[in-house]
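Trainee: please work out how this folds:
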Amino acid sequence: MAARRRLSLRARLARLALRFFMKRSERDLSFAEIKRRFERMERLVPPPPRGTRIEQVDAGGVAGEFITTRASLPGRHLLYLHGGAYIFGSARLYRHFTWRMADAARARVLFLDFRLAPEHPFPAALDDTVAAWRWLVANGAAPAASAFAGDSAGGGLALAAMLKLRDAGLPLPAAAAAMSPWTDLALTAPSLRSNAKSDPMLVAGDVPRLAAAYLAGADPRNPYASPLYGDPRGLPPTLIQAGSDEILRDDSVRMAERMRAAGCEVELQVWPRMPHTWQLLASVLPEAREAIAEIARFFAARLA
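Mentor: Next up, the predicted model:
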């Protein structure tokens with residue numbers, strides 16, 4: 001994708017801040033310690049604007065919450081799957097963002113608190129996603145008016161879940177959006193090496209430990225863990241966004257190539273110099289708000 005605009009000053013500052021505060025290897029910290037850090041971060045997340053409704057639900061045995069805004073259409077649904085390497089992340093941590101997705105997609109967002117590794121390794125997150133989708137459809141959500149979306153591990157999970165649903169003969173959503181998806185847990189992406197220095201946020205040396213914690217001995221080329229190795233024929237129209245400098249860039253590029261070769265409708269956007277999952281910084285980055293608007297455009301043309 002060609003550059004849309006000159007990099008904003010806020011984006012330049014964000015890159016510096018991420019490099020200073022986040023690009024530090026956490027391999028000396030236990031997963032429990034890292035999780036406690038994220039729990040402390042939850043208290044700093046700004047609440048959604050007034051008029052946003054949050055409803056706790058049991059989605060087929062999986063904890064989740066519905067997020068609805070004034071723009072949400074009652075018959076339109078978006079199943080959202082969070083990032084965090086299948087190990088971290090929560091609904092509370094994403095409340096600054098999920099209302100924006102509800103607004104953009106004009107949908108009721110079901111945010112899924114799927115089970116996390118290492119306590120619940122593969123395929124727990126996949127099983128939870130399939131169970132929640134089946135529950136959503138059973139409770140009246142029309143697949144033709146529904147979509148999947150996810151960031152990082154959640155983006156890969158969205159793609160893997162669609163493979164699982166297709167193989168099981170279950171209905172698929174009408175569209176999907178994957179933001180910096182992690183699609184290759186075998187870690188063969190050339191960008192893991194070529195972007196190791198340019199990525200302002202992620203440390204390539206940390207990724208093997210994260211993948212091992214989720215896989216727990218499973219084959220990293222299992223397509224339900226690494227959708228890059230699956231046959232994507234029949235998957236719905238998909239928008240994939242990635243930053244040019246991130247170490248997972250080629251997870252997006254190669255996934256889009258496989259989908260295109262299989263005859264799928266796929267749109268790949270590689271945004272110049274954007275960090276991993278920059279869309280989550282929509283409260284400060286104009287590029288993040290533009291990326292969300294692109295997702296809204298993509299969904300508007302494909303959801304009933």
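
Trainee: the strands in this protein, which residues?
Mentor: Along the chain, counting by DSSP state E, strands occupy 53-58, 63-68, 77-81, 108-112, 146-151, 175-179, 238-243, 266-271.

Trainee: nearest to Glu119, out of the ones you listed?
Mentor: In terms of CB to CB, the element of the strands of the chain nearest to Glu119 is strand 63-68, at 14.4 Å. Every residue, glycine included, has its C-beta placed from N, CA and C.

Trainee: and that closest one, how far out from the chain's middle?
Mentor: 16 Å (CA atoms, centre = their mean, to the nearest Å).

Trainee: relative to strand 77-81, how tilted is that strand?
Mentor: Angle, strand 63-68 to strand 77-81, by axes from the mean of the first three to the mean of the last three CA atoms, to 10 degrees: 130 degrees.

Trainee: how near is the nearest residue to Ala161 once chain neighbours are set aside to Ala142?
Mentor: The shortest distance from Ala161 to any non-neighbouring residue, by CB to CB, 6 or more residues apart in numbering, is to Thr129 (4.3 Å). Look at Thr129 and Ala142: by CB to CB, to the nearest Å, they are 18 Å apart.

Trainee: of the two, which one has the most company?
Mentor: The residue with more neighbours, out of Thr129 and Ala142 and counting by other CB atoms under 10 Å, is Thr129; that gives 28 against 16.

Trainee: with mean pLDDT added, can I get the strands of the chain in CSV?
Mentor: Listed next are these as CSV, based on pLDDT from 0 to 100:
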stretch, mean pLDDT
strand 53-58, 98
strand 63-68, 98
strand 77-81, 98
strand 108-112, 98
strand 146-151, 98
strand 175-179, 98
strand 238-243, 98
strand 266-271, 98
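
Trainee: need those strands in TSV (columns: mean neighbour count).
Mentor: Formatted as TSV, the strands of the chain follow (neighbours: other CB atoms under 10 Å):
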stretch	mean neighbour count
strand 53-58	13
strand 63-68	21
strand 77-81	28
strand 108-112	27
strand 146-151	28
strand 175-179	28
strand 238-243	27
strand 266-271	20
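
Trainee: how about Val207, nearest residue that isn't a chain neighbour?
Mentor: Leu187 (6.1 Å).

Trainee: one more: Pro49?
Mentor: Pro49's closest residue in space is Trp99 (CB to CB, 6+ apart), at 6.7 Å.

Trainee: what about the one you found, how many residues close to it?
Mentor: What Trp99 shows, counting by other CB under 10 Å, is a neighbour count of 23.

Trainee: that one reaches Arg53, doesn't it?
Mentor: No - between Trp99 and Arg53 there is no contact under CB atoms under 8 Å: 9.5 Å.

Trainee: overlap in contacts, those two.
Mentor: Ile67, Thr69 (CB atoms under 8 Å, 6 or more residues apart in numbering).

Trainee: so the closest residue to Gly243 other than its chain neighbours versus Ala174, what's the distance?
Mentor: Spatial nearest neighbour of Gly243, chain neighbours left out: Met274 (3.4 Å); criterion: CB to CB, 6+ apart. The gap separating Met274 from Ala174 is 27 Å, by CB to CB.

Trainee: who has more neighbours out of those two?
Mentor: Legend: neighbour count by other CB under 10 Å for Met274 and Ala174, higher for Met274 (28 against 19).
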